[in-house]
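J.: coords please:
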Amino acid sequence: MVVVNSEDEELGIQDRRACHSGAGILHRAISVFLFDSGGRTLVQRRHSRKALWGGFWSNTCCTHPRPGEAATTAATRRLSEEFGVNASLSFAFKFEYHARFDAHWSEWELCSVFVGRSDDDPVPDPDEVESHRWMSAEELDALFASGEGFTPWFRMEWDLLKREHAELISRNP
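T.: Sure thing, here's the model as predicted:
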């Protein structure tokens, strides 16, 4: 994983365990929100075998750019790997967050968030995705209000999209 500072200056490379152990090490990440023509977003329940937030609801997909890989390339790659969908993605924003999973694991990421549109039928990778569904903004807000388990970055990103980038989640961008 690409270790960075808060200004996204590359500091080196560390393995996944080191970046996620204890308080973690700040590293690059990407997140994708895929919308259909009806304005619904594709969400997933992460596979329960995942070490961090397994079985929790999350945005369409996430990953870490490989060393030397552009964030847009990583986002496009991951959307294809996890759902078999190829879509044009637009950069929305970048933000830093830190979230503890338990006493042993955490996320500390400088995350680039992308938005795309597609009406393709997703074909989820069963090793990554336990279940998935298309949800309207109202249904997604109800999910957050329900207290059902969701990843911390998912809520933060959705709130930022709604508050600061509403044009990206409207039906006619």
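
J.: helix, strand, or coil at the residue positioned nearest the centre of the chain?
T.: For the chain, the residue nearest the mean C-alpha position is Ser31 (3.0 Å; Cα atoms, centre = their mean). Put simply, Ser31 is strand when judged by DSSP: H, G, I helix; E, B strand; the rest coil.

J.: where does the prediction get shaky in the protein?
T.: 171-173 (pLDDT under 70).

J.: can you give me the helices for it?
T.: Using DSSP state H, the helices of the chain run over residues 16-20, 71-83, 137-146, 152-164, 166-169.

J.: name the helices or strands packed onto the fourth one?
T.: By that I understand helix 152-164. strand 27-35, strand 57-58, strand 89-100, strand 106-117, helix 137-146, helix 166-169 (3 or more Cβ pairs under 8 Å, 6 or more residues apart in numbering; DSSP states H and E). For glycine as for every other residue, the C-beta is placed from the backbone atoms N, C-alpha and C.

J.: closest to Ala74 out of the ones you listed?
T.: Nearest to Ala74, of all the helices and strands packed on helix 152-164, is strand 27-35, at 5.1 Å by Cβ to Cβ.

J.: report the contact partners of the closest residue in space to Val123 that isn't next to it in sequence.
T.: Leaving aside its chain neighbours, Val123 sits nearest to Gly84 (3.8 Å; criterion: Cβ to Cβ, 6 or more residues apart in numbering). With contact set as Cβ atoms under 8 Å, 6 or more residues apart in numbering, Gly84 has these partners: Asp120, Pro122, Val123, Pro124, Asp125.
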